[in-house]
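[1] okay, predicted coordinates and the sequence, questions at the end:
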Amino acid sequence: MTDAVFLERSRAGLARHFPEVTARLERMGALESSLVVADGAAVDIRFGERSIYGGDAHGFATAQVEAYVAKPLRLYMNRPDDAGLLSPVSIRLARTMLHHLETEQYDEISRYPTKCPSFLVVFGLGLGHHLEPLACATEARWLILVEPLVDFFAHASHVVDWQALVATFEARGGGVQIITDLDPTAMTAAITGVMSEHGIPFADGSWVFTHYPLWAFAEARQRLHEALEFAFINRGFFEDELRMVGNAVTNFARRDFRLLEARPRLRRVETAVIVGAGPSLDEGLETLRRIRDRIVLFSCGTALRPLLRAGLVPDFHCELENVPELVEVVTAAGKYGDLSQITLIASATVDPGVPPLFAETIFYFRDSVSSTQIFGRRHRFVPLTAPTCVNMGMAMAAYMGFTDFVLFGTDCGVRPGAKRHAEGTIYRDLGVWSERDRKSRPAIEVEGNFGGVVATDWVYDACRLMLGRAIELYRFNAVNCSDGAVIPGAHPCVPEALRIQSPTVDRALFAAEIKQSLSRYEAGALLADTAFDALAAQTVEMFGRLDAIVEELGCGEADFALAFQRIVDFKTTCGERHGRTEALISGTLLALARVGMFYGFRIADAAARERLYRAFIAEFRRIIAEMADQTRVLFARLAEDEVSASASRRAQGD
């Protein structure tokens, strides 16, 4: 029987911890469903003549939880490299831990993490009989309860002691989060948002339970797998950050350039055409020839080669990558057209061998990367430039003032039986790239731009969603002539039907106006106030502080989760203390901690886990010491190079 005191306490707990739910119930007034009570107990919920539980909610939930515990649905990583954790530094740590396990004759680790902080995602509240036994069985630290039918919170208060439920999870160091969105996309975003707030590595091993069938639950559950595949990916590697800082300093020191920043600009009347290297570009080349005199053409990454082969010389070429192989790729493309007619737009981290191949260079600061954190703090980085050059192309055009866009070759996926890239790209023409391309298999199915289904993967799916976000955020007028995945907000149009209403572009006037709108820097000017010696000293202090933290962790109990949290705390509390040089290592530090969690939480035996933890801490400290040495060498070289470059510039001035 539902006790009046219990009901009052439950409602008070709901109001205290989830006031937005209580407020919605109060605004609703009459409920759309009704509670069924038998012998004083809540036994069902009824919508008109239909009931959810067939009169026995407790029995239904008990059987459901027992079946789930016997065969649970869990989210987990197969291998650390699936989550992009394994840079050379991280590979070294992983090998050390695996060698330790082999020495201890651990032939096999468990598929799921054990005895670790995790999330329990419950789709559906109903009367809530399942919540307490699930909390007990899973021992999860955080509960994410998804229930769009707000009526059920009123009914469940007859069964669920909200105060006690929250206390259970808070006692474990976690809490309870309620999501009431009905849209599956919003559901998924809210779930991953909660996980990211508490630490996305803890999603490894999470429990997913569905209480009753609802179309939105099924869709959100499927999208959750895809969203976490992207969320699991680690951002930033030490080796890559070293290269990017070195590239940026060299680029700023050697050449004059213009800088594009995320600042409001006067609207351009011309139409910007953004070209990617998707297979549908082949069908769009004739249309591009037809409209070429009335558009501003942006080639993105590997689209440069097929455009030049077709006699189409872009106004701008966009490059995002920082690898030295890019010099060879662009040089090869230049055999088909005159690069000296093209302005390069590139991240400041691009390989220094690329800018000299073009007429002029426009740099920009990428968000998050170490070179931006260290050298670009006085400037506005350009957002939404990842994960592909197509995203970068639209962002660059946007901050030049364009609002009208047409997309070609931005397929963001592959139709069944189609090639993955346009003719004339390095992927199609060079064997080594073709082999690499074949190893990548699309795994996600999305709606096609002209109907049907298109297969994609997390990179290209993120590309199209980020394009859609930019279109929505900046209210662009966008047309998509690509025969690939739907890009939200872009209107589908077959290339033959495309009509450009704007007049012929006055190239000389256009170029002059763009140049006037951007800040120009002579070689070395942007680095004039950079004290490399001071930066080097700040990194020494940073690595010393970090080593002390890890040493302290090694003196405590074997807690891989605590190690991760201490690294997160270190990263978030640095501020200006180390001149933002922690950006060089922050991504790798998180990856190292996550590699430790992956293996550590898959060892059930407490004594074996303890020994593995000590091996993890010892290798972690050795890696920190070696990263400190490499960073010291980098800043010493950069300081020496800048002195030499300054002397050369003075000599040329004399």
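    Good, I have the coordinates. What you see is a predicted model, and the numbers here were worked out from it, not measured in a lab.

[2] roughly how far out does the helix or strand hosting residue 461 sit from the chain middle?
    Residue 461 belongs to helix 458-474 when assigned by DSSP states H and E. Offset of helix 458-474 from its chain centre (C-alpha atoms, centre = their mean, to the nearest Å): 12 Å.

[3] equivalent analysis for stretch 526-537, please.
    Using C-alpha atoms, centre = their mean, the offset of stretch 526-537 from its chain centre is 31 Å.

[4] quick one: end-to-end length of stretch 479-491, please.
    5 Å (C-alpha to C-alpha, to the nearest Å).

[5] cool, and stretch 340-360?
    Start-to-end, stretch 340-360 (C-alpha to C-alpha) is 8 Å.

[6] report the buried residues of the following helix or strand past the helix holding residue 461.
    Using DSSP H and E, the helix or strand that follows helix 458-474 in sequence is strand 477-480. Within strand 477-480, the residues that count as buried by 16 or more other C-beta atoms under 10 Å are 478, 479, 480. Bear in mind the C-beta positions are built from the backbone N, C-alpha and C, glycine included.

[7] so, low pLDDT: which residues of the stretch 251-400 of the chain?
    Residue ranges of the stretch 251-400 of the chain with pLDDT under 70: none are present.

[8] with the chain instead?
    Counting by pLDDT under 70, the chain has low-confidence residues at 1-2, 82-84, 417-443, 642-654.

[9] residue 135 contacts residue 171, correct?
    No - contact status for residue 135 versus residue 171: not in contact, 10.7 Å apart, counting by C-beta atoms under 8 Å.

[10] compare the two and say which is more crowded by neighbours.
    Legend: neighbour count by other C-beta atoms under 10 Å for residue 135 and residue 171, higher for residue 135 (18 against 9).

[11] element containing that one, please.
    Using DSSP H and E, residue 135 falls in helix 131-138.

[12] using PDB, write out every CA atom in that helix.
    C-alpha atoms of helix 131-138 as PDB (Å, rounded to 0.1, in the frame of the first residue of the first chain):
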ATOM      1  CA  LEU A 131      15.300   1.400 -10.800                       C
ATOM      2  CA  GLU A 132      16.400   0.100  -7.400                       C
ATOM      3  CA  PRO A 133      17.300  -3.400  -8.500                       C
ATOM      4  CA  LEU A 134      19.200  -2.100 -11.500                       C
ATOM      5  CA  ALA A 135      21.100   0.300  -9.300                       C
ATOM      6  CA  CYS A 136      22.000  -2.700  -7.000                       C
ATOM      7  CA  ALA A 137      22.900  -5.100  -9.800                       C
ATOM      8  CA  THR A 138      25.000  -2.700 -11.900                       C
END
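
[13] following that helix, which helix or strand shows up next?
    Going down the chain from helix 131-138, the next helix or strand is strand 142-146, by DSSP H and E.

[14] circling back: what's the helix holding residue 461 packed up against?
    Applying 3 or more C-beta pairs under 8 Å, 6 or more residues apart in numbering; DSSP states H and E, we find helix 458-474 packed against helix 215-231, helix 389-398, strand 444-447.

[15] quickly compare these and say which is most buried.
    For these, the largest average neighbour count (mean count of other C-beta atoms under 10 Å) is found in helix 389-398, namely a mean of 27.

[16] so what are the domain limits for the protein?
    4-71+118-231, 257-495, 530-649 (automatic domain parsing).

[17] deepest of those domains, which one?
    A comparison of the domains of the chain by mean neighbour count, using mean count of other C-beta under 10 Å, puts domain 257-495 on top with a mean of 20.

[18] for that domain, measure first residue to last.
    Note: domain 257-495 ends 35 Å apart using C-alpha to C-alpha.

[19] and it, how far from the chain's centre?
    18 Å.

[20] now the element after the helix or strand where residue 331 lies, going C-ward?
    Applying DSSP H and E as the criterion places residue 331 in helix 325-333. Sequence order places strand 343-347 as the next helix or strand after helix 325-333, per DSSP H and E.

[21] phi, psi for residue 307 please.
    phi -70, psi -50 (degrees, to the nearest 10).

[22] would you map the strands across the stretch 101-250 of the chain?
    119-123, 142-146, 175-179, 206-210 (DSSP state E, counting those that start in this stretch).

[23] redo the ones you listed as TSV? Include distance to residue 549.
    Formatted as TSV, those follow (distance: least, C-beta to C-beta, whole Å):
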stretch	distance to residue 549
strand 119-123	26
strand 142-146	25
strand 175-179	26
strand 206-210	27
